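Visitor: Pasting a predicted model and its sequence here:
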Amino acid sequence: MTPKLPLYFDYNATTPVDERVLEAMLPFFGEDFGNPSSRSHAFGWKAEAAVEVARQQVAELIGATPQEITWTAGATESNNLAIKGACEMYRDKGRHIITCSTEHRAVLDPCAALAKAGWQVTHLPVDEAGRVDPAKVEAAITDQTVLISIMAANNETGTLHPLAEIGRIAKQAGVLLHTDATQAAGKIPLAVESLGVALLSLSAHKLYGPKGVGCLYVRRRSPRVRLAKQMHGGSHERGLRSGTLNVPGIVGLGAAAEIAGNELTDDAERLVALRDRLDEGVRSQLPEVQLNGHPTERLCNTANLSFAYVEGEALMMKLSSLAVSSGSACMSASREPSHVLKAMGVPDALANAAIRFSLGRPTTVEEIDFAIGAIVQAVRELRAISPLYELAREGIDPTRLQ
Amino acid sequence: MEPNQSPEFVKHFSHPRNVGSLDRRSRRVGTATVTVADCGDVMRLQIEVDCQGRIARAMFKTFGCSAAIAAGSLTTEWLRGRSVDQAEGFSGDYITERLALTPEKQHSSRLAEDAVRAAIADWKRRRCRQGQPAS
Ligand SMILES: Cc1ncc(COP(=O)(O)O)c(C=O)c1O
Ligand code: FES
C-alpha cells in the first residue's frame, strides 16, 4: 500500500495537534468560553481553574512549580521576554550577554537588538557536531555578564548542548542561564533544577499542541529571577505579560505537556529506532552522505543529512513526495547556507545539499521505508546528471574546479 | 513540484533529455563547462558538428537547481539539427519563455546561453587548431 503523499518528515517545524489535546481544548471554544480575569462570575472561575491546571501540567514536565510558569504566544515571545526582560532588569550589573552561533533566530535577533542598543554580545563557536564547549562558556564570562542563552537542542541538527555543565558554570559565576528548549521539550527529560537554568522557553506546537501558545519558566528561588515586562497592559500573569489569556491554547499546551511527560520514554525509543533505520537505510545504499550533528548526543527524531555532488533545491524538488526541510534558504538566487551548518564548519556545497528529516509520534516504519526509497532514487538520478559527480569518480576534486 | 511550474518545466526537470557525454577528444566535438558566479551552478554542454556544419548531437550534465537542469535539457533539444550559425544566435530568452521561469530563476537561462556560446567557441578553436576546413 502506498501511503498518502506527501509524507510529513518535518516535525521540528511543527506537529499536528494530538487528538487528546484537541479534545481537551474544545470546550473552551464553546460553552466554557469565559475570561480567566473575570473574577465576578462562574464563567471566569472555570476558565481560570483550567488555566491553573495547565500551569501545573507544564510545570511538571520540566520539574518546576506552577508559579514559575508564564504564558506567552510561543517560544519567540518567551525568548524575547527572557532575554530582553532579564537584560533590562539587571543592566546595572553590566552590558554583556553570551549566546552561541547556532541559536534560532528567535534568540539571535533579540540579542542583535540588544547589541544595537549598546550591549556586548558574545557568540560562542560550536564544534563540528554543533556543541558548545562549556570551558568556552566559562572563559567568556566577565563581571559584566548578565545572561547566558544556550538552546537545549538545535532545531536543524538535533544536537544537544551539555546544558547541565553550562548550568553549573553559570551558577558558580552567578550568571543567569536561559535555554530555548523548544525542540527539547517532550523529546528529552528536562528538569530545571538539575540543568541549573533560570529561564526556559517552550512552545506548544512542537509537542503536539496548538500554534501560537507557549510559556516561559522564570525561576522563583535561588535565585529569584525578575524580568522587565515587555508587554504593557492589563497586568495579567502577575504583571509580567499583559493580554487576555489564550485559554483553549493554554489548556492544549497543558494537555500536550502531560501526554509528553507520560509517553516521552516510549516515543523516544521508537523514534530513535526509526531515525537510525532511515539514516542507515540511506547511507548503506548511497556513498558520500554526511550526517550533520552529533552522532549520539542528538534528539531522538532528527537526522540532518548532506548529499555530496547534488544541489539542494533540485534535490528538494525531486523529493516532492516528502515534506522535509532544506539546509538553506533556497529558491533564491544567492543561496545562503544555513547559519547552523556554517557554524559547524560544513562546507557550503554540503550545507546547500543538506536535508533535515524530523520524525514524530505518527511516523511509521512504512513511511521510513518509503522515504529511504525516494531519497536513494532522487540522489542517484541527480548524481547521474551531475558533472561534479562524474569528475569525482574520475578522481578529480570538483571543489577545485573554479 | 511547486504549483506554478509549467508542464514544459516539469517535463525537462523530471525526465531530462540528452544527459551524458560525448568524446571530448573528437575534433567534431565542442565542450564547454560554465558556471554562474552567483550561485555556483555548473553546466557542461557538448555539441557534435557534422561535416555540413549541423549540430548532430548535443549532450549535457548539470550540477545545479531544477531550472538549470531543465534548461540544459531544453537547450540540447533546441540545438539538435540546427546549424552552427543558427546556434550562435541562441538566446537565453527562449529558455525563460519555454520554461516560464520567474525572474529569480532566470540565471539558469544565462547559464545555458553561456554554455552554447562556449561550446561553439571550443568547437571552432579545436577545428582551426587541427587545420581542418570549415565544412
Ligand atoms: C529552537 C526554536 N526556538 C524558537 C522557535 C520559535 O517558536 P514559536 O514558533 O513558538 O515562536 C522555534 C520554532 O521554529 C525553534 O525551533
Ligand atoms: S540557482 Fe543559479 S542557475 Fe540555478
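Guide: Great, that's in hand. Ligands and ions are numbered 1, 2, ... in the order given.

Visitor: In chain B, what residue spans correspond to helices?
Guide: With DSSP state H, the ranges of helices along chain B come out as B:7-14, B:66-79, B:84-88, B:92-98, B:107-129.

Visitor: Would you mind pulling up the elements that the last one packs against?
Guide: By that I understand helix B:107-129. Applying 3 or more CB pairs under 8 Å, 6 or more residues apart in numbering or on different chains; DSSP states H and E, we find helix B:107-129 packed against strand B:29-35, strand B:42-49, helix B:66-79, helix B:84-88, helix B:92-98. (Glycine included, C-beta is placed from N, CA and C.)

Visitor: from chain A, which residue is nearest to ligand 1?
Guide: residue A:74 (2.8 Å; CB to the nearest ligand atom).

Visitor: For chain A, name the helix or strand with the lowest mean pLDDT.
Guide: strand A:328-329 (a mean of 52; mean pLDDT, DSSP states H and E).

Visitor: mind listing what the very next helix or strand once past that one pairs with, with the direction of each?
Guide: Reading on from strand A:328-329 to the C-terminus, the next helix or strand found by DSSP states H and E is strand A:336-337. If you go by DSSP bridges, strand A:336-337 pairs up with strand A:328-329 (antiparallel).

Visitor: okay, now residue 75: neighbour count?
Guide: Chain wasn't specified; assuming chain A. 26 (other CB atoms under 10 Å in any protein chain shown).

Visitor: ah, no, chain B please
Guide: 31.

Visitor: And the pLDDT at it?
Guide: pLDDT recorded at residue B:75 is 98.

Visitor: What count of nearby residues applies to the spatially closest residue to it that is not a sequence neighbour?
Guide: Closest residue to residue B:75 in three dimensions, ignoring its sequence neighbours and counting by CB to CB, 6 or more residues apart in numbering or on different chains: residue B:112, at 4.5 Å. Look at residue B:112: counted by other CB under 10 Å, it has 33 neighbours.

Visitor: quick one: residue B:112 and residue B:72 touch, right?
Guide: Yes. If you go by CB atoms under 8 Å, residue B:112 and residue B:72 touch, sitting 6.6 Å apart.

Visitor: Angles on the backbone of residue 23, please.
Guide: Picked chain A for this. Phi and psi for residue A:23, reported as degrees, to the nearest 10, are phi -50, psi -40.

Visitor: Please report the distance of it from residue A:17.
Guide: Taking CB to CB, to the nearest Å as the measure, residue A:23 and residue A:17 are separated by 10 Å.

Visitor: Residues of chain A that sit close to ligand 1?
Guide: By CB under 6 Å from any ligand atom, the residues of chain A that approach ligand 1 are A:74, A:75, A:76, A:104, A:106, A:151, A:155, A:180, A:182, A:183, A:203, A:214.

Visitor: which residues touch the fifth one?
Guide: By CB atoms under 8 Å, 6 or more residues apart in numbering or on different chains, the contact set of residue A:106 is A:75, A:76, A:79, A:80, A:180.

Visitor: The third one too?
Guide: Residues near residue A:76 by CB under 8 Å, 6+ apart: residue A:106.

Visitor: Look up phi and psi at it.
Guide: Backbone torsions of residue A:76, given as degrees, to the nearest 10, read phi -60, psi -50.

Visitor: How about the last one?
Guide: Its backbone dihedrals place residue A:214 at phi -160, psi -170, with angles given as degrees, to the nearest 10.

Visitor: Just the pLDDT for it.
Guide: So, for residue A:214, pLDDT stands at 98.

Visitor: Around it, how many other residues sit close by?
Guide: Neighbourhood size, residue A:214 [other CB under 10 Å]: 28.

Visitor: these two touch, right, it and residue A:78?
Guide: Yes. The pair residue A:214 / residue A:78 is scored as a contact, 5.2 Å apart, by CB under 8 Å.

Visitor: so what sits against both of the two?
Guide: A:72, A:201, A:202, A:203.

Visitor: With neighbour count, secondary structure and distance to ligand 2 added, can I get those in a markdown table?
Guide: As requested, the shared contacts of residue A:214 and residue A:78 are exported to a markdown table (neighbours: other CB atoms under 10 Å in any protein chain shown; DSSP: H, G, I helix; E, B strand; the rest coil; distance: CB to the nearest ligand atom, whole Å):
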| residue | neighbour count | secondary structure | distance to ligand 2 |
| --- | --- | --- | --- |
| A:72 | 28 | strand | 39 |
| A:201 | 31 | strand | 36 |
| A:202 | 31 | strand | 37 |
| A:203 | 28 | strand | 33 |
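
Visitor: Among residue A:23 and residue A:17, which residue is more densely surrounded?
Guide: Legend: neighbour count by other CB under 10 Å for residue A:23 and residue A:17, higher for residue A:17 (19 against 12).

Visitor: ok, that one - contacts?
Guide: Residues in contact with residue A:17, defined by CB under 8 Å, 6+ apart, are A:25, A:208, A:209, A:210, A:252, A:256.

Visitor: which phi and psi does it have?
Guide: Taking degrees, to the nearest 10 as the convention, residue A:17 sits at phi -70, psi 130.

Visitor: Over to the spatially closest residue to residue A:56 that is not a sequence neighbour: give its phi and psi.
Guide: Spatial nearest neighbour of residue A:56, chain neighbours left out: residue A:66 (4.9 Å); criterion: CB to CB, 6+ apart. Main-chain dihedrals, residue A:66, degrees, to the nearest 10: phi -60, psi -40.

Visitor: Cross-check the contact I'm expecting between residue A:66 and residue A:53.
Guide: No. Look at residue A:66 against residue A:53 with CB under 8 Å: they stay out of range, at 9.3 Å.

Visitor: between the two, which one's more packed in?
Guide: residue A:53 (17 against 14).

Visitor: Now the residue nearest to residue A:231 when sequence neighbours are not counted: phi and psi?
Guide: Nearest residue to residue A:231, sequence neighbours excluded (CB to CB, 6+ apart): residue A:242, at 5.0 Å. For residue A:242, the backbone dihedrals (degrees, to the nearest 10) come out as phi -80, psi 150.
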